[in-house]
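Asks: give me coordinates for this.
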Amino acid sequence: QVQLVESGGGLVQAGKSLTLSCAASGGKISVRTTGWFRQAPGKEREFAAAITWIGPNTYYANSTKGRFTISRDNAKNTVYLQMSSLKPEDTAVYYCAATRTTATSRRPDDSEYAYWGQGTQVTVSS
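Replies: Predicted coordinates for the structure are as follows:
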């Protein structure tokens, strides 16, 4: 069973940057796809970014492409989401998620994520 713990959320002004961390235990982050999702108040959860085992390849939502960067430190078993040029509409609870061990370079369907963290709040003020 993989456990995921997010950290790094907080209150930040628009235009600034913030980096989220997702520390994994109970399994290697390097042999699965890890993704970041977010859920704003009153909205459905949406995909933000993912990094795959093979490649690794990275994938981004149109709303985060060019501003967010997902990366992985295998030695620390941690995945990061660097967020820059933040906008008030980026305000959400950010969740880290991971698939089961899957040797793939494709972006998984959202339903393939088996493990989820508890989330960390990011608030961007205007």
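Asks: could you look up the SS state of the nearest residue to residue 76 once chain neighbours are set aside?
Replies: In this structure, residue 76 finds its nearest non-sequential neighbour in residue 23, 7.5 Å apart by Cβ to Cβ, 6 or more residues apart in numbering. No exception for glycine: its C-beta is placed from N, CA and C like everyone else's. Following DSSP: H, G, I helix; E, B strand; the rest coil, residue 23 is assigned to strand.
Asks: who does residue 23 form a beta bridge with?
Replies: Beta bridges link residue 23 to residue 5, residue 78 when assigned by DSSP bridges.
Asks: name the residue closest to the centre of the protein, please.
Replies: residue 36 (2.1 Å; Cα atoms, centre = their mean).
Asks: next, it: secondary structure please.
Replies: Under three-state DSSP, residue 36 comes out as strand.
Asks: rewinding a little: any idea how far residue 119 is from the residue nearest to residue 76?
Replies: According to Cβ to Cβ, to the nearest Å, residue 23 and residue 119 sit 14 Å apart.
Asks: count of residues packed around the residue nearest to residue 76?
Replies: Neighbour count for residue 23, taken as other Cβ atoms under 10 Å: 17.
Asks: list the residues that contact it.
Replies: 4, 5, 7, 76, 77, 78 (Cβ atoms under 8 Å, 6 or more residues apart in numbering).
Asks: cool, residue 96 as well?
Replies: For residue 96, counting by Cβ under 8 Å, 6+ apart, the contacting residues are 4, 6, 20, 22, 34, 35, 36, 79, 116, 117.
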